[in-house]
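Engineer: Predicted model, plus sequence, below.
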Amino acid sequence: MKIAIASDHRGFQLKKELINNLVDYEIIDCGTYSSESVDYPDYAFILGEKIKNKEVAFGIAICGSGIGISIACNKVKSVRCAKVSTIEEAETTRLDNDSNVIALSSKTPPLDAIKIVKKFLETPFSNLERHLKRINKITEYEDKHER
């Protein structure tokens, strides 16, 4: 399974930890490549385009809080990015929302981040009708209001 990962400068160290520990997956590193200050939207959009173009199945996005990069990722058509802090949230966003990108805070302890990401990647979408209906509403809105 191919996964894209992106971070800003604050998320760079956690990104490296995740890449080194997700050896069962093919990881596409979308940057940044150092701890030199950068703007998180630039890397969120690179990751989001890989999701949109179906080059990868999932994405991992990291910035200081995880919030900014999640907002930027969600501006890309077809991306459903969830900012998560716990294993339970990672599981829920896959089961209920069929999220394809997870956003993390750079402050997440590396061992916790690894567990959260693995739960996200290993949890299938529930495919329940009530969830499909809600996701389809989002997709229909996105299609009607394309920028």
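Structural biologist: Received it, and whenever you're ready, just let me know what you need.
Engineer: Could you look up the SS state of residue 61?
Structural biologist: Going by DSSP: H, G, I helix; E, B strand; the rest coil, the secondary structure assigned to residue 61 is strand.
Engineer: give me every residue that touches it.
Structural biologist: Contacts for residue 61 (C-beta atoms under 8 Å, 6 or more residues apart in numbering) come out as 5-7, 11, 43-44, 47, 69-70, 73, 81, 101-104. Heads up, the C-betas are built off the backbone N, CA and C, glycines and all.
Engineer: Residue 142 too?
Structural biologist: 77, 78.
Engineer: thinking again about what came up before, just give me the closest of the contacts of residue 61 to residue 18.
Structural biologist: Looking at the contacts of residue 61 and their distance to residue 18, the nearest is residue 5, at 6.4 Å (C-beta to C-beta).
Engineer: Surely the closest one is within a strand?
Structural biologist: Yes. Assessed by three-state DSSP, residue 5 belongs to a strand.
Engineer: residues in contact with the residue lying closest to it once chain neighbours are set aside?
Structural biologist: Excluding its sequence neighbours, the residue lying closest to residue 5 (C-beta to C-beta, 6 or more residues apart in numbering) is residue 60, at 4.4 Å. For residue 60, the set of contacting residues under the criterion of C-beta under 8 Å, 6+ apart consists of 3, 4, 5, 6, 15, 18, 101, 102, 103, 104, 117.
Engineer: Fine by me, thanks again.
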